[in-house]
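> What follows is a predicted structure for the sequence shown.
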Amino acid sequence: MMAETLFSLALTIKRNPSGQMLGQRQVNEKKAGPYVWTTYQEVYDAAIHVGSAIRSHGVNPACDSHAITYVPLYDTLVASANAVEFIINRAEVSIAFVQENKIPAIISILPNCSMHLKIIVSFTNVSATQKKEAEELGESCFLWEEFLQLGNSDSELRPKQRTAVCTIMYTSGTTGEPKGVIVTNAALMSEELSIDVYFS
């Protein structure tokens, strides 16, 4: 998670574990209903769980909570298959978490990314046809809930190094190949602590 690291999230949990963190409006018959909220504690638990699931597939260490580098793939990039393919191969991305409507775009570039990308995880739905297409290319395709079942909440968190790469933020690639900007753990923590001081 980028906007709020596990460090600041853990501090918030101590103060208000049942506080509302992430809200999503339920849509019925094209009408937006009330927000359904996920608490700080639930988000933290999910982060630990998904990190454990990632590690179960040989990515070690895994996720921000488990000290792995993550690379965002934005909607604007998914519109350009070449940019996505370039980033996946350059950053050696092995697992992609995607929205349902982005699965066809990811599957279409799998033949050129199979050296690194091995798993696709959909946050909502994935069709049997899409799962079959991925499997025929030697990849695995999971629903978010299925993938979480592969992890557990008791996995040991890995220590983080200040100089280690937390994330690589890529440009859109509109003027050539996308350029990756490296953000270290120290840089991200500096931002978090600055915000904490400013608003305290």
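Looks like it came in fine. Please read all numbers here as calculations on a predicted model, not as lab measurements.

> Residue 153 contacts residue 50, doesn't it?
No - contact criterion C-beta atoms under 8 Å: residue 153 and residue 50 do not qualify, at 10.6 Å. (Glycine included, C-beta is placed from N, CA and C.)

> how near is the residue nearest to residue 57 when sequence neighbours are not counted to residue 136?
Leaving out its chain neighbours, the residue that sits closest to residue 57 by C-beta to C-beta, 6 or more residues apart in numbering is residue 119, at 6.2 Å. Computed as C-beta to C-beta, to the nearest Å, the residue 119 to residue 136 distance reads 15 Å.

> Comparing these two, which residue is more hemmed in?
residue 119 (19 against 10; other C-beta atoms under 10 Å).

> hmm, back to that, please name the residues that touch the residue nearest to residue 57.
57, 94, 95, 96, 139, 140, 141, 142, 147 (C-beta atoms under 8 Å, 6 or more residues apart in numbering).

> Among these, which are located in strands?
In strands, judged by DSSP state E, the following of the contacts of residue 119 are found: 95, 96, 140, 141, 142.

> avg pLDDT for stretch 133-149?
For stretch 133-149, mean pLDDT rounds to 92.

> Off-centre distance for that stretch?
15 Å (C-alpha atoms, centre = their mean, to the nearest Å).

> Can you tell me which of the contacts of residue 119 are classed as buried?
57, 94, 95, 96, 139, 141, 142, 147 (16 or more other C-beta atoms under 10 Å).

> next helix or strand past the lowest-mean-pLDDT helix or strand in the chain?
The helix or strand of the chain with the poorest confidence is helix 75-78; it has a mean of 60 (mean pLDDT, DSSP states H and E). Next in sequence after helix 75-78, counting helices and strands by DSSP states H and E, comes helix 81-91.

> what comes up buried for that following helix?
83, 84, 85, 86, 87, 88, 89, 91.
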